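Asker: what's the 3D shape of this:
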Amino acid sequence: MGTDTAPRTVGPARRWAMLATGTGAQAAAAAVTAAPAFLIPELVRPRAEGGFGLSLAQAGLVAAAPSVGLTLTLVLWGLLVDRRGERFALLTGLSLATLGGVLAAIASGPWPIAAALTLAGVGAAATNSASGRVVVGWFPPERRGLAMGIRQTGQPLGVGLAAVTVAALAHAHGIGTALTVPTAAVALAGVAVGLVVLDPPRPQRPARVQLANPYRSDAFLARIHLASVMLVVPQFVVWTFGLVWLVEELDYSPGIAGLIVGATQLAGAAARIGAGWVSDRVGSRMRPMRSVAVAAAATMLALGLVAGIADPHTVTAIAAVVLLVVASAVTVADNGLAFTAVAERAGPFWSGRALGLQNTSQYLAAGVVPPVAGLAITAWGYPTAFALAAALPLLAITLVPVRGERPTR
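Answerer: Coordinates of the predicted model:
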């Protein structure tokens with residue numbers, strides 16, 4: 001097993017370096033996964049104007065391609081983490097993501113691009129379980145919330161990187177050029193992992209209870225998975241269609257819209273760090289997660305209402321943009337809390353698979369959101385689609401297992 005020769009402890013500098021590297025790997029993987037959403041304006045552009053002429057629903061299918069790869073392999077990557085170690089899984093996954101990105105960049109049609117991006121998603125999936133296990137393995141419980149919050153900023157930072165580069169590059173130079181940015185990011189992340197990351201130690205001879213299936217003892221993990229599914233729907237609605245909404249409805253250029261969406265990701269990164277810090281202070285992951293669900297429902301409903309009256313170049317448009325930023329931040333704030341709680345409850349010999357299941361459930365929902373939301377937007381408009389997404393966090397409020405949580409300190 002990859003952890004047999006791992007040191008029992010490392011110094012603070014190496015621990016934080018591994019956190020930074022894991023965060024970078026997660027950011028690079030998120031950039032690959034999110035990039036297709038920012039290609040939607042070019043995918044739907046008529047062929048006569050240099051685009052592919054897809055419908056919004058078809059473009060949503062292309063945007064969902066990396067999520068398909070993620071969904072199909074997250075648990076398998078988690079099993080590999082449990083059996084072979086975090087470092088091996090990260091290096092293998094980032095190599096596959098790089099290969100998929102290269103193939104997508106040189107592909108000539110929307111469906112070959114989607115196939116290559118599916119492979120990139122397969123590789124990117126490795127970072128979800130492996131980099132999370134590095135954090136849980138090397139940081140003590142009283143700092144895990146903050147550390148995981150920082151690690152979870154990788155996703156919004158990666159989406160932000162894609163937002164500020166992919167849309168503008170695709171508009172000016174084509175889809176192939178735009179995809180070189182996230183592809184280069186995963187390649188560099190693989191090099192950094194090889195230089196910095198060590199597998200965290202695990203008990204050499206675990207007791208029988210440590211090997212027992214944690215899903216058989218109670219419904220705690222299953223309820224976290226279900227609540228996270230409810231909360232991921234509004235997250236992917238605003239991530240996937242925020243940019244095209246700004247372009248089509250509020251008359252922003254793709255470049256400016258990309259900068260706005262990039263700013264929303266910075267807000268999301270700050271929200272994840274803040275939520276993790278709060279969870280360490282209060283000794284609970286689930287109470288802050290329930291509060292996030294309440295805030296997500298309120299902000300998505302407000303975004304839908306304001307989007308319905310927003311006119312380009314007026315104060316109503318500014319209010320809608322502000323709410324988009326707030327909604328983007330709030331809807332991602334729970335991810336680190338859920339991830340930390342899953343890893344802590346599952347233990348060192350099940351956490352890889354449990355984190356794989358956590359992400360599988362989320363990405364199953366994420367894979368459905370783009371085409372379904374695209375159909376809803378086509379039928380009823382952006383405001384209604386935003387408002388309808390508020391119903392899912394309301395369900396999450398009842399699912400978050402606050403009473404079943406064990407103290408973290």
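Asker: So, low pLDDT: which residues of this structure?
Answerer: 1-8, 50, 202-211, 407-409 (pLDDT under 70).
Asker: what about the most centrally placed residue in it, is that helix, strand or coil?
Answerer: The centre of the chain sits closest to Q155, judged by C-alpha atoms, centre = their mean, with a distance of 4.7 Å. What DSSP: H, G, I helix; E, B strand; the rest coil gives for Q155 is helix.
Asker: distance between the ends of stretch 73-93?
Answerer: Chord length of stretch 73-93, first to last residue, is 11 Å (C-alpha to C-alpha, to the nearest Å).
Asker: Look up how far V134 lies from A267.
Answerer: 26 Å (C-beta to C-beta, to the nearest Å). Backbone N, C-alpha and C define where each C-beta goes, glycine included.
Asker: can you check I256 too?
Answerer: With the distance defined as C-beta to C-beta, I256 ends up 37 Å from V134.
Asker: Got the phi and psi for D334?
Answerer: phi -80, psi -20 (degrees, to the nearest 10).
Asker: How about the contacts made by it?
Answerer: Neighbour list for D334: S228, L231, A275, M289, V292, A293, A296 [criterion: C-beta atoms under 8 Å, 6 or more residues apart in numbering].
Asker: now for the residues you listed, which pair is the farthest apart?
Answerer: Maximum pairwise distance among the contacts of D334 (C-beta to C-beta): 13.4 Å, between S228 and A275.
Asker: coming back round to it: who's more crowded, I256 and V134?
Answerer: Taking I256 and V134 together and counting by other C-beta atoms under 10 Å, V134 has the greater number of neighbours (31 against 15).
Asker: Off-centre distance for the host helix or strand of the more buried one?
Answerer: Under the criterion of DSSP states H and E, V134 resides in helix 126-138. Centroid separation for helix 126-138 versus its chain: 14 Å, with C-alpha atoms, centre = their mean, to the nearest Å.
Asker: Likewise for stretch 118-137?
Answerer: Mean-position distance between stretch 118-137 and its chain equals 11 Å (C-alpha atoms, centre = their mean).
Asker: what do you get for stretch 308-317?
Answerer: In terms of C-alpha atoms, centre = their mean, the centre of stretch 308-317 is found 29 Å from the chain centre.
Asker: What residues sit buried inside that stretch?
Answerer: Residues of stretch 308-317 classed as buried: A310, T316, A317 (neighbour count, 16 or more other C-beta atoms under 10 Å).
Asker: so the residue lying closest to the first one once chain neighbours are set aside is in which element?
Answerer: The shortest distance from A310 to any residue that is not its chain neighbour, by C-beta to C-beta, 6 or more residues apart in numbering, is 4.0 Å, and that residue is A320. Secondary structure from DSSP H and E places A320 in helix 315-330.
Asker: Report all helices and strands that that helix contacts.
Answerer: The contact analysis (3 or more C-beta pairs under 8 Å, 6 or more residues apart in numbering; DSSP states H and E) places helix 315-330 against helix 220-248, helix 254-282, helix 286-307.
Asker: The shortest one versus helix 220-248: what angle between them?
Answerer: With axes from the mean of the first three to the mean of the last three C-alpha atoms, to 10 degrees applied, the angle from helix 286-307 to helix 220-248 works out at 20 degrees.
Asker: Just the C-alpha atoms of helix 286-307, please, in CSV.
Answerer: The C-alpha coordinates for helix 286-307 follow below in CSV (Å, rounded to 0.1, in the frame of the first residue of the first chain):
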residue,chain,number,x,y,z
MET,A,286,-23.5,20.0,10.2
ARG,A,287,-24.9,23.1,12.0
PRO,A,288,-23.1,25.4,9.6
MET,A,289,-24.1,23.2,6.7
ARG,A,290,-27.8,23.6,7.6
SER,A,291,-27.4,27.4,7.8
VAL,A,292,-25.9,27.3,4.3
ALA,A,293,-29.0,25.5,3.1
VAL,A,294,-31.2,28.2,4.4
ALA,A,295,-29.1,30.9,2.8
ALA,A,296,-28.9,29.1,-0.5
ALA,A,297,-32.7,28.8,-0.7
ALA,A,298,-33.2,32.5,0.1
THR,A,299,-30.6,33.8,-2.4
MET,A,300,-31.7,31.7,-5.3
LEU,A,301,-35.3,32.8,-4.8
ALA,A,302,-34.1,36.4,-4.6
LEU,A,303,-32.0,36.0,-7.8
GLY,A,304,-35.0,34.6,-9.7
LEU,A,305,-37.2,37.5,-8.6
VAL,A,306,-34.6,40.2,-9.5
ALA,A,307,-33.6,38.5,-12.7
